[in-house]
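Engineer: Build the 3D model from these lines:
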Amino acid sequence: MMRLNIPFSKVAVALVLVATIACGFGLASITRASADPSALYTDDQAQDGLNAYETNCAMCHGANMEGVSAPTLLGSTFTSHYETVGDLMQFISQNMPMDNPGGLSHKDYVDILAYILLKNGWSSGKHALTFKNANASKAPFADAQ
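Structural biologist: As a prediction, the model looks like this:
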């Protein structure tokens with residue numbers, strides 16, 4: 001067996017350094033893993049979405065998204081129709097409102113999407129959702145509850 005001639009204190013310092021670095025990487029990955037991936041929108045967007053929803057959507061989808069002359073926008077009956085958040089965004093921005101498809105501003109569409117996500121149990125976050133990011137989102141659209 002080969003014996004290294006390294007003083008014990010240098011080995012101890014090296015081990016502490018390696019352990020500290022490893023812990024730092026571990027904490028970083030825990031922080032990333034605990035960040036809510038469904039936090040795609042801000043509270044302000046959802047509030048603005050409520051206003052845009054009441055003006056443009058409630059007459060067909062109901063004041064509480066329960067569905068009136070159009071389907072409900074809540075729960076698995078609704079969420080099962082779209083694979084991703086981007087799929088939903090593309091659908092609503094191209095097909096809604098029924099009497100004016102694609103006629104709302106990008107901001108209104110994003111805000112309405114934020115409100116729909118809120119009502120389906122998605123958490124808000126610190127970063128505003130953009131029209132481009134909403135359309136490109138690959139976040140699985142499933143009932144978050």
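Engineer: does D108 sit in a helix or strand, and which one?
Structural biologist: helix 106-119 (DSSP states H and E).
Engineer: In three-state terms, label A52 for me.
Structural biologist: Recorded secondary structure, A52: helix (DSSP: H, G, I helix; E, B strand; the rest coil).
Engineer: Which residue, other than its chain neighbours, is closest to it?
Structural biologist: D108 (4.5 Å; C-beta to C-beta, 6 or more residues apart in numbering). Heads up, the C-betas are built off the backbone N, CA and C, glycines and all.
Engineer: Relative to F141, how far out is that neighbour?
Structural biologist: 20 Å (C-beta to C-beta, to the nearest Å).
Engineer: again, but for L40
Structural biologist: 11 Å.
Engineer: Then G67?
Structural biologist: 18 Å.
Engineer: Could you do G121 as well?
Structural biologist: With C-beta to C-beta as the criterion, G121 and F141 are 12 Å apart.
Engineer: of these two, who's got more company?
Structural biologist: Shown here are G121 and F141; by other C-beta atoms under 10 Å, F141 has more neighbours (24 against 14).
Engineer: For the residue lying closest to A128 once chain neighbours are set aside, give me its contacts.
Structural biologist: Closest residue in space to A128, ignoring its immediate chain neighbours: T42 at 5.0 Å, by C-beta to C-beta, 6+ apart. Taking C-beta atoms under 8 Å, 6 or more residues apart in numbering, we find T42 in contact with A114, S124, G125, K126, H127, A128, L129.
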